[in-house]
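In: Prediction below, plus the sequence it came from.
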Amino acid sequence: MALCTVVATTGSTPRKSGSKMLVYDNGEIAKTIGGGDLEKTVIENALQVIEEGKPKLFEHKLVHQHGMCCGGTVSIFIEPIMSKKKLYIFGAGHTGKALADFADKTDFEVSLIDERVEIVDGLSFGEEINIIEKNHRSALKDLKFDHHTYVVVVTHNHSYDRDIIATCAKLPHAYLGMIGSQRKVEVAKKAYLAGDILTEEEMENIDWPIGLKINANTPEEIAVSILAKLIKVRNSEI
């Protein structure tokens, strides 16, 4: 949602400074900043702010821009009120588990997906982490994706990794990364091109090998390198 606040007015205006309106991402509103064409435009502006994730100040001349007989001017500050970024981690092995724990502490909305009962049943996290005991294909049918969704692929099976990447690359996302050596990445790229599964352009947006290059060795260090990249991407959205 976005919060729209009248921060300044001159002359005759329908509402004065301090008036507020909430605009939800489906276009619905709560309260009002004046109605008419002004409000219609503010709703459009708010949806743009939600999409871009950046606050912005808008100036409105009621006569010239909106044909309103009030005759004044209104300054409206619109700020996004964003939920946590969704992070889907495919693979609950050592690295996936460490990443889920670290990402939860840094304000991501974490879902950890793995079909292995012997792994999932032994996991112990806080209530905020959503553990999904499903095959990745079943999970992908239920998960919701948008342009603020983050996906990390660290499963125990190379064919799983390639399958998840092939699916997620064609869905809206802010970040998509896969763990593995440079050779594993090159083999995957050749397979995608040979099978006409992904284009070069689609593959350019994948972070593989995943994470920042910090000479990480242990699962925890690798998780830190991945999380650092996620935070870098998330902060670039602001």
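Out: Sure, I can see it.
In: Tell me which stretches of the chain form helices.
Out: Remark: helices assigned in the chain by DSSP state H are 36-52, 62-66, 94-105, 117-120, 136-142, 158-168, 182-194, 200-204, 219-236.
In: okay, these in CSV with mean pLDDT and mean neighbour count next?
Out: Glycine gets a C-beta too; all of them are placed from N, C-alpha and C. Output for the helices of the chain, formatted as CSV (pLDDT from 0 to 100; neighbours: other Cβ atoms under 10 Å):
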stretch, mean pLDDT, mean neighbour count
helix 36-52, 92, 17
helix 62-66, 82, 16
helix 94-105, 96, 21
helix 117-120, 90, 12
helix 136-142, 95, 15
helix 158-168, 96, 19
helix 182-194, 95, 14
helix 200-204, 95, 11
helix 219-236, 95, 18
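In: Export those as JSON lines, with columns for distance to residue 22.
Out: Output for the helices of the chain, formatted as JSON lines (distance: least, Cβ to Cβ, whole Å):
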{"stretch": "helix 36-52", "distance to residue 22": "9"}
{"stretch": "helix 62-66", "distance to residue 22": "21"}
{"stretch": "helix 94-105", "distance to residue 22": "28"}
{"stretch": "helix 117-120", "distance to residue 22": "39"}
{"stretch": "helix 136-142", "distance to residue 22": "29"}
{"stretch": "helix 158-168", "distance to residue 22": "32"}
{"stretch": "helix 182-194", "distance to residue 22": "43"}
{"stretch": "helix 200-204", "distance to residue 22": "36"}
{"stretch": "helix 219-236", "distance to residue 22": "24"}
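In: Just give the closest residue to residue 22, not the sequence neighbours.
Out: Nearest-residue entry for residue 22: residue 30, 4.2 Å, with adjacent residues in sequence omitted and distances by Cβ to Cβ, 6 or more residues apart in numbering.
In: In this structure that neighbour contacts residue 4, no?
Out: No - counting by Cβ atoms under 8 Å, residue 30 stays clear of residue 4, with 10.4 Å between them.
In: Return every residue with contacts to both of those two.
Out: 21, 22 (Cβ atoms under 8 Å, 6 or more residues apart in numbering).
In: neighbour count winner among those two?
Out: It is residue 4, of residue 30 and residue 4, that has more neighbours when counted by other Cβ atoms under 10 Å, with 26 against 11.
In: who touches the more buried one in this structure?
Out: With Cβ under 8 Å, 6+ apart, residue 4 has these contacts: 20, 21, 22, 23, 33, 42, 45, 46, 76, 77, 78.
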